[in-house]
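Chemist: got a structure for you, letters missing:
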């Protein structure tokens, strides 16, 4: 099976730095900014971005986790998922700009679910989307505001994001013919 | 009607091989190289010959419950299982507590011809447990009832039981007691023990059976009467019966095939096919029952064939009817539990499934099995066969067998009832071929 | 998980997973919109052959918070009370297109029979079968104990070493059975206190210690004391002489409650017989978990409905 590494550790770092600057620019600063990562790797990316913005702005940026398991529309199509906890920063999201952070943007269904989940948590002023990789193949009218890398891929391929926090190192790789259908059709890091 | 039959090269219960020639309902000649004399020849080479089996405990359900079984369907099941005599229990509707009802049941059996039907008379009127039924009239009737039982209900009143034992003695009969202390078993669902506690099913404690047996053997001793204990199910009951026999008390006891093979563990499935009364017991009870049957403490095997319609078992366990059909599987189960384990040989099988139950029920013609001059009641079994017991083996109206899907040995290949075949080549004959009407 | 029939079948990992999932479900209740779209398009049938308003409402609330449709079929005034069989009722309900059946039935084993029958395809959740099990009650009790002990740090924890004493009519209690299996699976040390008439026979095969003396049990300072309801029908069938004697020997009176360890929590599955098995002093105290049990019951049932209605792992793959 062919494995092609498309982003190394330094590439990922640069991409996240650029995304951080773009977020600040579009938001005109860091006021009322809340980052919500989508488990598992989206949460880690959100924390890294918050760290970069925080050091640029010299302030703590609120970061949370938004689990979307209970909002998915494909309950019967996968093994039962165990949700991760949702953590909303203390001040909430009402009237704030929420930046959703995920590792890979694919069909858009995860983001659709996330938007529903946000709607049940409160009423942000605006919701933006930041992703490390956009691999195309959208099934819904959803696009990312901040993209680390556009990565055209075949549906049969698998984009594998590794992050040092849980995987030991940072990299993004494309693997050839899918190992299994369930893995290829999934969410989050194995999208 | 005269029928000539020649059974060739059958293996007799004692292990020897012989031809058996049957004429006018009786065995007229045994030996080797006998002539067919123009009659039908049944090749029994490799088959085990047994005297026709006698069941002391059968529920034929007619009259009153013909949706479960009739005399015809029940005796067809009996023949398919190798039986030539069944004792039809009294819990019909109307109850078999008068001469009229028992004569009707007996004559239905005689007319269909598959097996001799010996009605069991109720001990008490309507099985009500209050007044003795017309025991004398039933004994004197054309049905010549000799076994009396309120089976399904225990004659729990001690004085009434004493009177029944004494009164039945007058007619050379026997009271067959369903030993179940009623108050100790209110709502009972399965054997009481660790498993019933876990399953939350109300327990049927061994003591409810044993206390009645203990009382009744002492009563039988006191009044000098004969007593038969239905479906003994516990190791403790075996001890009591053994003690009573050692004291010379005239007690006999039966065990069902299912209590020789199945344990309470099956209740954990909550499958009502395993719900029966008395309930399936522990492994140690099963082993004690086998040992008791082998050493003669328990005299006979009786099926307690209890047909129920499908809907009576398609429900939650506590709501299900109690009982299992057993006629068609009895011999196979006895072979599995007793012969394959080395506890009983084939002459022992003949003893527990034919000669002794016939003696207890005062059925004539079974005291000299397979001998010249005896009525020709013969069952031929392919003991070497083994197969999964399936619904095609059931010939009664109901299919509530706990043995479906279980691998069992033996196959009934031919049955001769009073000189006339009811089963040939492993297949049950059609009613028109069997009827005597 | 295809069905939930008993707590006996649950491994520790399974059990902790359900409790953790219930934590997530509990969080939902605190949100602006206390409802999830998860089971949109699914239909849950509450099939109650025996009255239990509390359990039925709890399952209904759970299903509705997950956006499932709910059909309720109760004993009173329905064909159930006219003798319709479990099979016919279940098939009728199934013909309306249900994904899960929540079954309360007076017969032990009814849920197992329905799940194993092939009469219907739906998932079966046992909401109490005779004197057998009431698994969601066991789960909500375990959840409530864990929550009291560990609060926000409950996730992922079992009940290793937690000492739970269950008092009352053990032999007829499906709540007791579900708790005994589940709590011991989770590592708790379970002890039972009851008169001998209300303890199961062969109790030595259960993973518990058993005794008759409530005062001794209280002196042993358990972490949790669970008082079982005395059913009205037991009071007249000779299991104990009368209510007064029961209350004196096995009731959590105000006086006994005062002797209870300061950190011993008190549970009761409800509805309570105040003055019989539990005094108001105990039921209404800060150590009482009774109302939390009700709240937590909804979270547990949400978790269970989610698990039986999601996924294609397990036997139905």
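Modeler: That came in fine, so what should we check first? Just so it is clear, the model here is predicted, and its values are computed rather than measured. Numbers count the residues shown, from 1 in each chain, chains lettered A, B, ... in the order given.

Chemist: measure how buried the residue nearest to residue A:99 when sequence neighbours are not counted is and give me the count.
Modeler: Leaving aside its chain neighbours, residue A:99 sits nearest to residue A:128 (4.6 Å; criterion: CB to CB, 6 or more residues apart in numbering or on different chains). Where C-beta positions appear, they are placed from N, C-alpha and C, glycine not excepted. Residue A:128 has 19 neighbouring residues, counting by other CB atoms under 10 Å in any protein chain shown.

Chemist: wait, what's in contact with residue A:128?
Modeler: Residue A:128 is in contact with A:23, A:26-27, A:97-100, A:145-146, counting by CB atoms under 8 Å, 6 or more residues apart in numbering or on different chains.

Chemist: same thing but at 7 Å, please
Modeler: By CB atoms under 7 Å, 6 or more residues apart in numbering or on different chains, the contact list for residue A:128 reads A:97, A:99, A:145.

Chemist: next: residue C:189.
Modeler: Taking CB under 7 Å, 6+ apart, we find residue C:189 in contact with C:161, C:163.

Chemist: which parts of the lowest-mean-pLDDT helix or strand in chain C are buried?
Modeler: Of the helices and strands making up chain C, the lowest-confidence element is helix C:232-235, at a mean of 80, by mean pLDDT, DSSP states H and E. Buried residues in helix C:232-235, counting neighbours by 16 or more other CB atoms under 10 Å in any protein chain shown, are found at C:234-235.

Chemist: which element follows it toward the C-terminus?
Modeler: helix C:243-250 (DSSP states H and E).

Chemist: what mean pLDDT does that next one have?
Modeler: Averaged over helix C:243-250, pLDDT sits at 95.

Chemist: out of the contacts of residue A:128, flag the one nearest to chain C.
Modeler: Nearest to chain C out of the contacts of residue A:128 is residue A:97 (CB to the nearest CB; 18.0 Å).

Chemist: for the closest one, give me its contacts.
Modeler: By CB under 7 Å, 6+ apart, the contact list for residue A:97 reads A:27, A:32-34, A:124-126, A:128.

Chemist: now residue A:55: phi and psi?
Modeler: For residue A:55, the backbone dihedrals are phi -70, psi -30 (criterion: degrees, to the nearest 10).

Chemist: sec struct for the residue sitting nearest the centre point of chain C, please.
Modeler: By CA atoms, centre = their mean, chain C has its centre lying nearest to residue C:137, at 1.2 Å. What DSSP: H, G, I helix; E, B strand; the rest coil gives for residue C:137 is helix.

Chemist: and the pLDDT at the residue lying closest to it once chain neighbours are set aside?
Modeler: Of all residues not flanking residue C:137 in the chain, residue C:175 sits nearest, at 5.0 Å (CB to CB, 6+ apart). Looking at residue C:175, its pLDDT is 97.

Chemist: how about residue C:175, secondary structure?
Modeler: Classification of residue C:175 by three-state DSSP places it in helix.

Chemist: I'd say it and residue C:226 touch.
Modeler: No - counting by CB atoms under 7 Å, residue C:175 does not reach residue C:226; the two are 8.2 Å apart.

Chemist: show me the longest helix that occurs in the chain.
Modeler: Reading this off chain A. Assignment by DSSP state H gives helix A:9-27 as the longest helix of chain A.

Chemist: the intended chain is chain B.
Modeler: helix B:206-223.

Chemist: all helices of the stretch 51-200 of chain B, in order?
Modeler: Ranges of helices in the stretch 51-200 of chain B, per DSSP state H, counting those that start in this stretch, are B:71-80, B:99-112, B:135-140, B:158-169, B:194-199.

Chemist: of those, which is nearest residue A:48?
Modeler: Nearest of the helices of the stretch 51-200 of chain B to residue A:48, taken as CB to CB: helix B:194-199 at 53.4 Å.

Chemist: in the closest one, what's buried?
Modeler: Neighbour counts over helix B:194-199 (16+ other CB under 10 Å) mark B:194-199 as buried.

Chemist: so which of the contacts of residue A:97 sit within strands?
Modeler: A:33-34, A:126, A:128 (DSSP state E).

Chemist: would you agree residue B:3 is in contact with residue B:421?
Modeler: No - the criterion here is CB under 7 Å, and residue B:3 misses it with residue B:421 at 8.0 Å.

Chemist: who has more neighbours out of these two?
Modeler: Of the pair residue B:3 and residue B:421, residue B:421 is the one with more neighbours under other CB under 10 Å, namely 21 against 16.

Chemist: what strand or helix carries that one?
Modeler: For residue B:421, the enclosing helix or strand under DSSP H and E is strand B:420-424.

Chemist: immediately after that strand, which helix or strand?
Modeler: Using DSSP H and E, the helix or strand that follows strand B:420-424 in sequence is strand B:427-428.

Chemist: mind listing the strands that following strand pairs with, and their directions?
Modeler: strand B:420-424 (antiparallel) (DSSP bridges).

Chemist: among the contacts of residue A:97, who's most crowded?
Modeler: Most neighbours among these, by other CB under 10 Å: residue A:34, with 23 neighbours.

Chemist: can you report how many residues neighbour the residue of chain A found nearest chain C?
Modeler: The nearest approach of chain A to chain C comes at residue A:80, 2.9 Å away (CB to the nearest CB). Applying other CB under 10 Å, we find 19 other residues in the vicinity of residue A:80.

Chemist: that one touches residue C:308, doesn't it?
Modeler: No - Residue A:80 lies out of contact with residue C:308 (CB under 7 Å); the separation is 9.2 Å.

Chemist: which residues of chain C lie near chain B?
Modeler: By CB under 7 Å from any CB of the partner chain, the residues of chain C that approach chain B are C:85-87, C:105, C:107-110, C:112-113, C:130-133, C:174, C:177, C:200-202, C:205.

Chemist: let's see it at 6 Å
Modeler: C:85-87, C:107-110, C:112-113, C:130-132, C:200-202, C:205 (CB under 6 Å from any CB of the partner chain).

Chemist: walk me through the domains of chain C.
Modeler: C:12-134+C:295-312, C:135-290 (automatic domain parsing).

Chemist: among these, which is nearest residue A:93?
Modeler: Closest of the domains of chain C to residue A:93 is domain C:12-134+C:295-312, at 9.8 Å (criterion: CB to CB).

Chemist: who are the neighbours in contact with the residue of chain C found nearest chain A?
Modeler: Distances between chain C and chain A by CB to the nearest CB are smallest at residue C:311, namely 2.9 Å. By CB atoms under 6 Å, 6 or more residues apart in numbering or on different chains, the residues touching residue C:311 are A:79-80.

Chemist: so, low pLDDT: which residues of chain C?
Modeler: Chain C contains residues with pLDDT under 70 at C:76-83, C:312-317.

Chemist: thinking again about what came up before, specify the local secondary structure of the spatially closest residue to the residue of chain A closest to chain C that is not a sequence neighbour.
Modeler: Nearest residue to residue A:80, sequence neighbours excluded (CB to CB, 6+ apart): residue C:311, at 2.9 Å. Here residue C:311 is coil, with the state taken from three-state DSSP.

Chemist: can you give me the distance of residue C:311 to residue C:122?
Modeler: Distance, residue C:311 to residue C:122, using CB to CB, to the nearest Å: 15 Å.

Chemist: which of the contacts of residue A:128 sits closest to residue B:208?
Modeler: Nearest to residue B:208 among the contacts of residue A:128 is residue A:99, at 73.8 Å by CB to CB.

Chemist: helix/strand/coil for the residue of chain A closest to chain C?
Modeler: For residue A:80, the secondary-structure state derived from three-state DSSP is coil.

Chemist: thought it was touching residue C:310?
Modeler: Yes - contact criterion CB atoms under 6 Å: residue A:80 and residue C:310 qualify, at 4.8 Å.
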